[in-house]
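Engineer: turn this into a model:
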Amino acid sequence: MTVRQLALPAALLLVAPLAVSPLRAQGVEYAPGTTHYRIATSTKGSQTSPMGSQEFQMDVKQLLTVNLARPAKDTVVATITLDSVDVQSAMGKQDLSRLLGSKFITFVSPTGKLYSTKPPAGDDPMLAQMTEGVSRFLPTYRRDVRAGMTWADTITDKVSQQGVELNRTLVANYKVLGDTTVSGEKAFKVSRISKVKAAGSGTASGQPIAVESATTSDAVFFLSPKGKYLGGRQNDDIEAKVTVLAQNAEINVKQTATSTIEAVH
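Structural biologist: Numbering: from 1, shown residues only. Below you'll find the predicted structure:
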């Protein structure tokens, strides 16, 4: 049994400092419209079990189309379409063409707070694995965002990983580092440092298991004063322990993941 996570976090390389007066936003909210994104995630890790130890690496590249609509004052509907996906690992390239065109529908507040997610139809385990990451594709922020501002959020919820329901607590600390430009657009540069702990039990591959995990993330994302997400970057350090209860056997997994996301015009 292996524990792997297909993450959809954030980053952009085409960034230059603004040589103009600081941005003064009058209430930033996600704006309706359609944007294409290019995402790349590289994961390296190791797994230790009674059977021995092994290392692994996985590289994922994706193209997404994100359409934002505003059906109500307090609700933004994000329809996220998977246009392409390429997964490379030691096992070779995976054929995931069956997933292309899949649509994930997420309901969020005008500043990105998650309300709910409607996954694509079907029971493909890869889609189920992707749904959690896609549901939080749009970062959350404060409507009165401005340079130098700091705030913190704590989220307690339940998530499903490989059929196992986990109780999760996420604590995130934000700071607006200043103003910049991304591909010619003015933007706020926001730092997000977060710690996530999750634990639960269930059945995977017919075996009762217990799962514990801890993740530390260091991210930066870019947001225009007009309410457009312009990308970012994220580094994750992940430790997980899976206990196969019937055998009292532990599988320990350590991962580091580096992700970038770029808005494609």
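Engineer: strands of the stretch 151-265 of the chain, start to end?
Structural biologist: Along the stretch 151-265 of the chain, counting by DSSP state E, counting those that start in this stretch, strands occupy 164-182, 185-204, 207-223, 229-244, 249-264.
Engineer: A121: what secondary structure?
Structural biologist: Secondary structure assignment for A121 (DSSP: H, G, I helix; E, B strand; the rest coil): coil.
Engineer: assumed L138 was part of a helix.
Structural biologist: No: residue state for L138 (three-state DSSP) corresponds to coil; a helix is not indicated.
Engineer: model confidence score at the residue nearest to it when sequence neighbours are not counted, please.
Structural biologist: Closest residue to L138 apart from its sequence neighbours, by C-beta to C-beta, 6 or more residues apart in numbering: G112 at 4.8 Å. C-betas here are computed from N, CA, C, even on glycine. pLDDT, G112: 95.
Engineer: could I get the strands of the stretch 151-265 of the chain as CSV with distance to L96, mean pLDDT and mean neighbour count?
Structural biologist: What follows is the strands of the stretch 151-265 of the chain, written out as CSV (distance: least, C-beta to C-beta, whole Å; pLDDT from 0 to 100; neighbours: other C-beta atoms under 10 Å):
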stretch, distance to L96, mean pLDDT, mean neighbour count
strand 164-182, 23, 93, 17
strand 185-204, 21, 93, 17
strand 207-223, 24, 94, 19
strand 229-244, 22, 95, 20
strand 249-264, 18, 95, 18
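Engineer: the ones you listed: which one's closest to K61?
Structural biologist: strand 249-264 (10.2 Å; C-beta to C-beta).
Engineer: how about the strands of the stretch 151-265 of the chain in JSON lines, adding distance to S135?
Structural biologist: Formatted as JSON lines, these follow (distance: least, C-beta to C-beta, whole Å):
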{"stretch": "strand 164-182", "distance to S135": "13"}
{"stretch": "strand 185-204", "distance to S135": "14"}
{"stretch": "strand 207-223", "distance to S135": "16"}
{"stretch": "strand 229-244", "distance to S135": "15"}
{"stretch": "strand 249-264", "distance to S135": "15"}
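Engineer: who wins for proximity to A31 among those strands?
Structural biologist: Comparing those by C-beta to C-beta, strand 229-244 comes nearest, at 9.9 Å.
Engineer: helices and strands around that closest one, which ones?
Structural biologist: strand 33-49, strand 207-223, strand 249-264 (3 or more C-beta pairs under 8 Å, 6 or more residues apart in numbering; DSSP states H and E).
Engineer: what pairs with that strand, parallel or antiparallel?
Structural biologist: strand 207-223 (antiparallel), strand 249-264 (antiparallel) (DSSP bridges).
Engineer: for S84, which of the strands of the stretch 151-265 of the chain is the nearest?
Structural biologist: strand 249-264 (11.8 Å).
Engineer: for the closest one, output the C-alpha coordinates as PDB.
Structural biologist: Only the C-alpha atoms of strand 249-264 are listed here, as PDB (Å, rounded to 0.1, in the frame of the first residue of the first chain):
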ATOM      1  CA  ALA A 249       2.100  -2.900  10.700                       C
ATOM      2  CA  GLU A 250       3.100   0.700  10.100                       C
ATOM      3  CA  ILE A 251       3.800   2.400   6.800                       C
ATOM      4  CA  ASN A 252       5.600   5.700   7.200                       C
ATOM      5  CA  VAL A 253       5.700   8.200   4.300                       C
ATOM      6  CA  LYS A 254       7.700  11.400   4.000                       C
ATOM      7  CA  GLN A 255       7.200  13.700   1.000                       C
ATOM      8  CA  THR A 256       8.300  17.100  -0.300                       C
ATOM      9  CA  ALA A 257       6.300  18.700  -3.000                       C
ATOM     10  CA  THR A 258       7.100  21.900  -5.000                       C
ATOM     11  CA  SER A 259       4.300  23.400  -7.100                       C
ATOM     12  CA  THR A 260       3.900  26.300  -9.400                       C
ATOM     13  CA  ILE A 261       0.800  27.700 -11.100                       C
ATOM     14  CA  GLU A 262       0.700  30.300 -13.900                       C
ATOM     15  CA  ALA A 263      -2.200  32.100 -15.400                       C
ATOM     16  CA  VAL A 264      -2.100  31.700 -19.200                       C
END
